[in-house]
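> test case, fold it:
(one chain, ligands or ions: 1)
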Amino acid sequence: MAVASKANNSKKHRIIGAGLSGLSAAINFAKNDEKVVIHESREDVGMQFHPNYQVLLKESPDTPSSEAGAKQYLNRWGLNPKFTFKDAKKFICSTEKRDFTISLKEPLPLILRGGENSLERGLANEAKDLGVEFKFKSRPKPKAGDILSTGPKRTDMVAFGAYYENSDFPRDQFLYMHDEKYSPRGWYLYVIPMDDDTIKIMNCCSKPYAKQVRKLLYKAVEERDILKNIVDGAKPTGTVGGQGGVDFPKTAIKDGVYHTGEAAGFQDPWRGFGMNYAIESGALAQRAISESLDYDKLWKKQFHQRKKADIARRGIFALLGNRAFEYGMRKVKDGDEVDWEEINPSGWKKSLIYNTFYSMEMAKKTMWDSW
Ligand SMILES: Cc1cc2nc3c(=O)[nH]c(=O)nc-3n(C[C@H](O)[C@H](O)[C@H](O)COP(=O)(O)OP(=O)(O)OC[C@H]3O[C@@H](n4cnc5c(N)ncnc54)[C@H](O)[C@@H]3O)c2cc1C
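Next up, the predicted model:
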């Protein structure tokens, strides 16, 4: 969405947090010929992560799952960054019951986050070229009219990863493991080749297991043969981790401050995929401010339904755990090509299941403040 709106040249807009959502807002202000300063508490952008690949979801079934598709999506939101991209097509799936290999009809688009050639470095370069002012090591108190893009405020889920020196794991393959013992409540663990010499094993968990995520990863590496064979006694050369905070607020404007990305709770409690929410909410906050539009109406129109579906899926996976994955993959055999669209329920079945689980999850959140 390349935003063309009436420029407010007299005011310098202020954004706090130079992550995805802050950079998305900043670039869109600058493209609209508006002055903008972005404050970042760290000494550079992308310092909240060690380099890792993250899945950028497609916005519509018609967008291709490729580097061109990812760029098309970013362009639609006014962004034109340079970054490192990887396709994930071939997967070894591993559950408590079986290991099988699949290839995806539509590969998962993976974007580098953190460090050189990352998405945020690309966005920061684009922002600087457009004249956005950066203030590093700066964390001002937000005031009315600011955009607050400071990332997760809550810890609903965590991810912890360990890097290993390894050049044997096939470079065009990924491992995706659903095992309740190590990633309880339907979460997952994966192995991803980083470069020619390094792989990363990452585990994801949510409350009440979040604090055990690291211990559970190393336990899986010790106990599951498929991981033991990959690691082959090597010791980790580094680690990476982070948290995710999910909310479904009635309003994302508090005391006149526009909250974007995870600062607003715009995150996916099912898989922790928050990049799309961040990019879109950042651009929408800019548009709301520049055009005096209702930000709440804009984000609700854009992703209210998606948030509901993500919350419902979390409810399904929290209750059924790995059985939900096993059920979805029940007809898939070793070597099959898989189309995710066909695995997901559709029609009235989908509406019934999703509405029921959405209501249950929201009730749980109200009662226990947990997903
Ligand atoms: C390990 C891991 C793996 C993930 N994998 C995926 C994935 O595969 N797909 C996906 O879609 N999402 C994934 N996510 C989630 C995704 O990275 C986030 O949802 C997204 O980055 C949120 O963007 P944001 O703009 O809200 O915050 P962030 O990108 O976290 O940026 C916040 C910025 O604000 C700065 N900041 C914080 N406090 C202040 C302050 N007081 N003043 C100034 N600056 C401040 C921080 O330093 C940071 O630069 C993953 C997250 C983690 C941790």
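> close to the ligand: what parts of this structure are there?
16-22, 39-42, 48, 52, 54-55, 139, 149-151, 159, 242, 244, 261-263, 267, 272-276, 278 (C-beta under 6 Å from any ligand atom). Quick note: C-beta positions are derived from backbone N, CA and C, even for glycine.
> quick check: the closest residue to residue 237 other than its chain neighbours vs residue 217, distance?
Nearest residue to residue 237, sequence neighbours excluded (C-beta to C-beta, 6 or more residues apart in numbering): residue 163, at 5.0 Å. Distance from residue 163 to residue 217, counting by C-beta to C-beta, to the nearest Å: 12 Å.
> with neighbour numbers in mind, choose between those two.
Using other C-beta atoms under 10 Å as the criterion, residue 163 and residue 217 rank with residue 217 on top: 26 against 20.
> and the more buried one, what element?
helix 213-223 (DSSP states H and E).
> for this structure, which residue gets nearest to the ligand?
Residue nearest to the ligand within the chain (C-beta to the nearest ligand atom): residue 19, separated by 1.7 Å.
> tell me how far the helix holding residue 217 lies from the chain's centre.
With C-alpha atoms, centre = their mean, to the nearest Å as the basis, helix 213-223 stands 23 Å off its chain's centre.
> follow-up on the earlier one: quick one: the residue of the chain closest to the ligand and residue 358, what's the gap?
Taken as C-beta to C-beta, the span from residue 19 to residue 358 is 28 Å.
> of the two, who's got more company?
residue 19 (28 against 21).
> what confidence value was assigned to the more buried one?
Residue 19 carries a pLDDT value of 97.
> which residue, other than its chain neighbours, is closest to it?
Per C-beta to C-beta, 6+ apart, closest to residue 19 is residue 151, 5.4 Å.
> I figured the one you found was touching residue 16, is that so?
No. Judged on C-beta atoms under 8 Å, residue 151 makes no contact with residue 16 at a distance of 10.5 Å.
> what packs against the worst-scoring helix or strand of the chain on mean pLDDT?
The weakest-scoring helix or strand in the chain, judged by mean pLDDT, DSSP states H and E, is helix 340-343 (a mean of 76). Applying 3 or more C-beta pairs under 8 Å, 6 or more residues apart in numbering; DSSP states H and E, one finds that helix 340-343 makes contact with strand 99-113.
> so how far is the strand it packs on off the chain centroid?
Distance, centroid of strand 99-113 to centroid of chain: 15 Å (C-alpha atoms, centre = their mean).
> likewise stretch 287-307?
19 Å.
> go through that stretch and flag the buried ones.
287-290, 295-296, 298-300, 302-303, 306-307 (16 or more other C-beta atoms under 10 Å).
> among those, which ones are in helices?
If you go by DSSP state H, these have 287-290, 295-296, 298-300, 302-303, 306-307 in helices.
> report the contact partners of residue 106.
58, 65, 339, 340 (C-beta atoms under 8 Å, 6 or more residues apart in numbering).
> please redo it, this time with the cut-off set to 10 Å
Contact partners of residue 106, counting by C-beta atoms under 10 Å, 6 or more residues apart in numbering, are 58, 61, 63-66, 69, 87, 89, 338-341.
> dihedrals phi and psi, residue 355?
The phi/psi pair for residue 355 (degrees, to the nearest 10) reads phi -60, psi -40.
> helices - which of the contacts of residue 106 land there?
69, 340, 341.
> ignoring the adjacent residues along the chain, who's closest to residue 80?
residue 126 (6.0 Å).
> what angle do the helix or strand containing that neighbour and strand 99-113 make?
Per DSSP H and E, residue 126 falls inside helix 119-129. Computed by axes from the mean of the first three to the mean of the last three C-alpha atoms, to 10 degrees, the angle separating helix 119-129 from strand 99-113 equals 20 degrees.
> following element in sequence after helix 119-129, please.
strand 133-136.
> which other helices and strands contact that following strand?
Strand 133-136 sits against strand 12-16, helix 20-31, strand 35-40, helix 119-129, with contacts defined as 3 or more C-beta pairs under 10 Å, 6 or more residues apart in numbering; DSSP states H and E.
> going by neighbour count, list what's buried in the shortest one.
Taking 16+ other C-beta under 10 Å as the neighbour-count basis, strand 12-16 is seen to contain the buried residues 13, 14, 15, 16.
> pLDDT and distance to residue 175 for those - can I get that in CSV?
Output for those, formatted as CSV (pLDDT from 0 to 100; distance: C-beta to C-beta, whole Å):
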residue, pLDDT, distance to residue 175
13, 98, 44
14, 98, 44
15, 98, 38
16, 98, 38
